[in-house]
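Trainee: here is a sequence together with a model predicted from it:
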Amino acid sequence: MKPLFKEEKTAKSRGKFWKIFLLSFLLLIFISEAVLALLLRYLENAAIAEDVLTVPLYIMPFVALLFTVGLLHLAKARQQKVQIIIDSMNKVAGGDYSVRIYEKAKTREFEIMFSNFNKMVEELSSVKTLREDFIREFSHEFKTPLSSVHGFAEILAEGGLSEEDRKKFIKIIVDETDRLRKLADNTLILSKLENQQLAGDTEIIKLDGQLNESIIMLAPEWEKKSLTLSSDLQPLTVRGNRPLLMQVWVNLISNAIKFTPEGGEITVGLKVRGGRAEVTVTDNGAGIPESELAHIFDKFYRAAGAEKAEGNGLGLAICKRILDLHGGEISVKSVLGEGSTFSVMLDIVE
C-alpha cells in the first residue's frame with residue numbers, strides 16, 4: 001500500500017533550511033538597524049546617540065544569528081513531531097494497528113494529537129478484532145448446518161433408502177435450511193441495529209398489553225411442552241419502537257421456553273422498581289454457569305448445555321442492542337439447577 005504522505009528528500013530539505021536561515025538572518029539585521037535609526041531621531045544627546053549606535057552595530061548581528069538559530073531549531077523540532085505523526089499514519093494505513101506514539105510532546109497541542117492518535121488506533125484495532133471474530137464465528141455457525149444439508153442430500157441422491165429414512169433425512173434438510181435462514185435473518189437484523197443510533201419511530205406503548213400479546217403469540221410453543229406460564233403485570237406505559245420491543249419480549253420468552261424442561265414453570269412480571277419499569281422473565285430450567293454470565297449477551301455466544309437447543313447465539317445480543325437504543329438495560333441472574341431470571345429496565349412515560 002502506498003503511503004498516505006510522501007516524505008521530502010533530504011537534500012531538498014537541507015536546501016530549504018539554509019534559504020530560510022539566510023533570509024531570516026538578513027531580515028532580522030535589517031529590522032534591528034531600522035529600529036536603531038528610529039531611536040536616533042529621538043535621542044537629543046549626540047554622545048548617547050553615538051554609544052547607542054556603536055554597540056548594537058557589533059552585537060546585533062550576533063543577536064540576530066542566535067534568534068534565527070533558535071527559531072529554526074523550534075521549527076525543526078516541530079517538523080520532526082509532524083513527521084512522526086506522518087510515519088505512524090502511513091503504518092496504520094498499511095494495516096499495522098500496533099503503532100503507538102510514545103514520543104514526549106513538549107507542547108500541549110502535540111500532546112493532544114499524540115494522545116488522540118493512540119486512542120484512534122486502539123479503536124481501529126478493536127474494530128479489526130471484532131470483525132475477525134465475527135467472520136470466524138459466523139463461518140462456524142454457517143458451516144455446521146450447511147454440512148448437514150450437503151451430507152444428507154448426498155445420501156438421498158444415492159437412493160436405496162426406505163420411505164421412513166427418506167422422510168427423516170428430508171426433515172433434517174428442511175430443519176437445517178430453516179436454521180440457516182434464521183441465522184441470516186438475525187445477522188442482518190443485528191447488523192442493521194448496530195448501525196442505528198436511534199430506536200427509529202417511537203410511540204407510547206402499554207407495556208402490560210404488549211407482554212400479554214407476546215405470551216399469547218408463543219402459546220403453541222409453551223403448551224406443546226406442557227409448561228405453566230403465569231404473569232403478574234402492573235399497568236405501565238413506556239415510549240419505544242413497537243416492533244423492536246416486541247422482538248425483545250418474544251426472544252426472552254422463547255429462550256425461557258427453550259431451556260425449561262417439560263412440565264416446568266415460567267413467570268413473566270412487570271412492576272415499578274427505582275422509578276423505572278422492570279420486566280422479568282423467570283424460568284426453572286437448568287440455569288447458566290456463573291463463569292458464563294458475563295458473555296451471555298455476546299454475539300454467537302452459547303452457554304454450556306445450549307449447543308443441543310435450537311438457536312444461533314444472536315437472540316440475546318439483539319435484545320441488548322435494542323434496549324441500548326431505547327436507553328434501557330438488561331441483566332441476568334441464574335443459579336445452576338434452579339433456573340434464570342432476565343431483567344429489563346425501561347423509563348416509564350406517564
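Mentor: Everything's here; your move.
Trainee: helices of this protein, residue ranges please.
Mentor: In the chain, the segments counted as helices under DSSP state H are 10-42, 46-93, 108-158, 163-194, 207-217, 219-224, 242-259, 315-325.
Trainee: what's the least confident stretch among those helices?
Mentor: The weakest mean pLDDT among the helices of the chain belongs to helix 10-42, with a mean of 56.
Trainee: excluding sequence neighbours, find me the nearest residue to Pro261.
Mentor: With CB to CB, 6 or more residues apart in numbering as the criterion, Pro261 has its nearest non-adjacent residue at 6.6 Å, and that residue is Gly285. Glycine gets a C-beta too; all of them are placed from N, C-alpha and C.
Trainee: what count of nearby residues applies to that neighbour?
Mentor: Gly285 sits with 22 neighbouring residues when counted by other CB atoms under 10 Å.
Trainee: got it, and Ser148?
Mentor: 18.
Trainee: how about it: what's its closest non-neighbour residue?
Mentor: Glu176 (4.6 Å).
Trainee: contacting residues around that neighbour?
Mentor: Contact analysis of Glu176 by CB atoms under 8 Å, 6 or more residues apart in numbering lists 145-146, 148-149.
Trainee: hang on, the earlier thing: tell me if I'm right that the residue nearest to Pro261 and Ile257 touch.
Mentor: No: using CB atoms under 8 Å, Gly285 is not in contact with Ile257; the gap is 9.4 Å.
Trainee: ok, now which ones touch Thr260?
Mentor: 225, 227, 266, 283-285, 339.
Trainee: so which of those residues wins on neighbours?
Mentor: Busiest of these [other CB under 10 Å] is Asp283, holding 27 neighbours.
Trainee: residues in contact with that one?
Mentor: Asp283 neighbours (CB under 8 Å, 6+ apart): 256, 259-260, 264-267, 339-341.
Trainee: where's it relative to Val335, distance?
Mentor: As judged by CB to CB, to the nearest Å, Asp283 and Val335 stand 11 Å apart.
Trainee: turn the contacts of Asp283 into a markdown table, including distance to Asn241.
Mentor: Shown next, in a markdown table, are the contacts of Asp283 (distance: CB to CB, whole Å):
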| residue | distance to Asn241 |
| --- | --- |
| Ala256 | 23 |
| Phe259 | 27 |
| Thr260 | 28 |
| Gly264 | 32 |
| Glu265 | 31 |
| Ile266 | 25 |
| Thr267 | 26 |
| Gly339 | 30 |
| Ser340 | 26 |
| Thr341 | 25 |
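Trainee: show me which of those residues are buried.
Mentor: Those of the contacts of Asp283 that meet the buried threshold are 256, 259-260, 264, 266-267, 339-341, by 16 or more other CB atoms under 10 Å.
Trainee: looking at the residues you listed, which is nearest Asn118?
Mentor: Ser340 (40.4 Å; CB to CB).
Trainee: chain neighbours aside, what residue packs nearest to the closest one?
Mentor: Ser334 (3.9 Å).
Trainee: any idea of the pLDDT on that neighbour?
Mentor: 92.
Trainee: burial of it, as a residue count?
Mentor: Neighbours of Ser334 using other CB under 10 Å come to 20.
Trainee: ok, it touching Thr341?
Mentor: Yes: using CB under 8 Å, Ser334 is in contact with Thr341, at 7.3 Å.
Trainee: residues contacting Gly275?
Mentor: So Gly275 contacts Ile348 (CB under 8 Å, 6+ apart).
Trainee: that one and Val82, how far apart?
Mentor: 52 Å.
Trainee: could you do Ala317 as well?
Mentor: Noted for Ala317: a distance of 42 Å to Val82, by CB to CB.
Trainee: compare the two and say which is more crowded by neighbours.
Mentor: Using other CB under 10 Å as the criterion, Ala317 and Val82 rank with Ala317 on top: 21 against 12.
Trainee: okay but the more buried one is in contact with His295, surely?
Mentor: No: counting by CB under 8 Å, Ala317 sits too far from His295 to count as a contact (10.5 Å).
Trainee: identify the contacts common to these two.
Mentor: Tyr301.
Trainee: ok, Ser343 touching Leu323?
Mentor: No: in this structure, Ser343 is not within contact of Leu323 by CB under 8 Å, at 10.9 Å.
Trainee: so between these two, which is more surrounded?
Mentor: Neighbours were counted for Ser343 and for Leu323 using other CB under 10 Å; Leu323 has more, 21 against 17.
Trainee: list the contacts for the more buried one?
Mentor: Leu323 touches 248, 329-330, 344, 346, counting by CB under 8 Å, 6+ apart.
Trainee: buried by neighbour count, from those: which ones?
Mentor: 248, 330, 344, 346.
Trainee: quick check, nearest of the residues you listed to Pro289?
Mentor: Of those, the one sitting nearest to Pro289 (CB to CB) turns out to be Ile330, at 18.8 Å.
Trainee: that closest one: what's it in contact with?
Mentor: 297, 316, 319-320, 323, 342-345 are the contacts of Ile330 under CB under 8 Å, 6+ apart.
Trainee: also Gly328?
Mentor: Contacts of Gly328 by CB under 8 Å, 6+ apart are 344-347.
Trainee: report how many residues lie close to the closest residue to Gly274 other than its chain neighbours.
Mentor: Nearest residue to Gly274, sequence neighbours excluded (CB to CB, 6+ apart): Met345, at 7.8 Å. When counting by other CB under 10 Å, one arrives at 17 neighbours for Met345.
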